[in-house]
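Novice: Starting from these lines, generate the structure:
(2 chains)
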Amino acid sequence: MTATDRSVIVDSLGVGLATGAYGVSFGAISTTSGLDVLQTCVLSLLVFTGASQFAFIGIIASGGNPVTGALTAVLLGSRNLFYGLSLAQKLDLNAPQRLGSAHFVIDESTAMAVTRETRRQTRLGFYWTGISIFVLWNLMTYVGAVAGEKIGDPQTYGLDAAVGAAFLGLLWPRLTSWHARLVALFGAAVALGLVPVTAAGLPIILGGGAAVVLGMLWRPKVSS
Amino acid sequence: MTALWTGIVVMIVGCFALKYAGLSVPERVLNHPTTVRAADLIPVALLGALIAVQVFADDGSLTIDARLLGLVVAAVLLSLRVPFLPVVVAAALVAALVRL
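Specialist: Got it, this is the predicted structure:
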């Protein structure tokens, strides 16, 4: 193992620890939103894409239909499709390997893999990040879920405010341009306008959809 | 099966299918500039809408309460490059404290 290999692994584990740890906030918010411990743990084990999981429980907590919640979550997970696309060539996997690896395609494992120079280091970054997050994310989800169930009313501990903060934390790194900031604000404004007139859960998917359309139609002159 | 489990199964199947398709579909199929732009915009737009509803909605009406203060605290901490978990905990603490 070379020094570069080692540094890829150390960096990956660092990201894995930092990211996996916030599974505890997902677990706690999930069981205070009305899911039980089993449902919460199944989400982390089998869905395993943080933003989508938070979106689902956010919609459930606000009284939305679970299927609307799931569709919003899947739409949010569509970015993983494009992560897979940019990873596919660099990871260079055969069919059974793709089936076994797809579950670990998330924001962080992609970020830690696509910047590597060689196939070996791409794979090291991808698997060490993806699997370390998977293990810790699931352990911490369970810890948070059990704690959340004991806590009871989320308002007492400000857990309802924690959801908004969690979404903002996920959105923050993407707000690098004025274009992105305006699209996010427009999505927020349309969603708020719809809250009094539509069923819970719909304002999010409709507001988000409208903002995507706006973002597509309005192209900033300096595009990268 | 309850509605909640139905939603969970839809998510499991949908999210895995997207991840697997990304690794398997030939690159040229999805690499159209329009698709790539939409893919960049979807998380930004949806998260914007999610935050707004999470912070201001209360059973079909809009309201301003401790959740907004939590969000402001989160924004300040994020702009100071504080990591995710402390930001979430701080937002919860502030909201809980002003409700005392």
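Novice: drop to CA atoms for contacts and neighbour counts, all remaining ones
Specialist: OK.
Novice: and residue 7, what element?
Specialist: Picked chain A for this. Using DSSP states H and E, residue A:7 sits in helix A:3-21.
Novice: not what I meant, chain B
Specialist: Using DSSP H and E, residue B:7 falls within helix B:3-24.
Novice: mean confidence score for that helix?
Specialist: Mean pLDDT, helix B:3-24: 96.
Novice: Now that helix: buried residues?
Specialist: By neighbour count on 16 or more other Cα atoms under 10 Å in any protein chain shown, the buried set for helix B:3-24 is B:4, B:7-12, B:14-24.
Novice: Check stretch A:181-197 too.
Specialist: A:181-192, A:194-196.
Novice: so the one residue sitting closest to the centre of chain A, which of the three states?
Specialist: In chain A, the C-alpha nearest the mean C-alpha coordinate belongs to residue A:51, at 2.4 Å (Cα atoms, centre = their mean). Under the three-state scheme (DSSP: H, G, I helix; E, B strand; the rest coil), residue A:51 adopts helix.
Novice: List the contacts of it.
Specialist: Applying Cα atoms under 8 Å, 6 or more residues apart in numbering or on different chains, we find residue A:51 in contact with A:73, A:76-77, A:167, A:170.
Novice: By mean pLDDT, which helix or strand of chain B comes out lowest?
Specialist: In chain B, the helix or strand scored least confidently by mean pLDDT, DSSP states H and E is helix B:27-30, which has a mean of 71.
Novice: Report the entries of the contacts of residue A:51 that also contact chain B.
Specialist: The subset of the contacts of residue A:51 lying close to chain B, counting by Cα under 8 Å from any Cα of the partner chain, consists of A:73, A:76-77, A:167, A:170.
Novice: Quick check: the residue nearest to the centre of chain A vs residue A:38, distance?
Specialist: Relative to residue A:38, residue A:51 is positioned 19 Å away (Cα to Cα, to the nearest Å).
Novice: what about chain B, any weak spots by pLDDT?
Specialist: B:1, B:30 (pLDDT under 70).
Novice: Sketch out the strands for it, chain order is fine.
Specialist: Using DSSP state E, the strands found in chain B span residues B:57-58, B:61-62.
Novice: Nearest to chain A, out of these?
Specialist: With Cα to the nearest Cα as the criterion, chain A lies closest to strand B:61-62 of those, at 5.1 Å.
Novice: ok, that closest one near chain A or not?
Specialist: Yes - for strand B:61-62, a contact with chain A is found by Cα under 8 Å from any Cα, at B:61-62.
Novice: close to chain A, is the longest helix seen in chain B?
Specialist: The longest helix of chain B (DSSP state H) is helix B:33-56. Yes - legend: contact between helix B:33-56 and chain A by Cα under 8 Å from any Cα is shown at B:34, B:36-56.
Novice: before we move on, the earlier item: select from the buried residues of stretch A:181-197 every entry located in strands.
Specialist: Judged by DSSP E, those include no members of strands.
Novice: Can you report how many residues neighbour residue B:60?
Specialist: 18 (other Cα atoms under 10 Å in any protein chain shown).
Novice: Tell me if residue A:149 really is in a helix.
Specialist: Yes - checked against three-state DSSP, residue A:149 lies within a helix.
Novice: What is the burial count for the closest residue to residue A:112 other than its chain neighbours?
Specialist: Distances taken as Cα to Cα, 6 or more residues apart in numbering or on different chains place residue A:125 nearest to residue A:112, at 5.3 Å, with adjacent residues excluded. Residue A:125 has 28 neighbouring residues, counting by other Cα under 10 Å.
Novice: cool, and residue A:4?
Specialist: Neighbours of residue A:4 under the rule other Cα under 10 Å: 10.
Novice: mind checking pLDDT for it?
Specialist: What the model reports as pLDDT for residue A:4 is 86.
Novice: which one of the strands of chain B is the most hemmed in?
Specialist: Highest mean neighbour count among the strands of chain B (mean count of other Cα atoms under 10 Å in any protein chain shown): strand B:57-58, with a mean of 18.
Novice: hmm, who's touching that one?
Specialist: With Cα under 8 Å, 6+ apart as the test, strand B:57-58 has contacts from A:62, A:192, A:195, B:63.
Novice: Please apply the same query to stretch B:67-82.
Specialist: Outside stretch B:67-82, the residues that touch it by Cα under 8 Å, 6+ apart are A:158, A:160-162, A:164-165, A:168-169, A:172, B:55-56, B:84, B:87-88, B:90-92, B:94-95.
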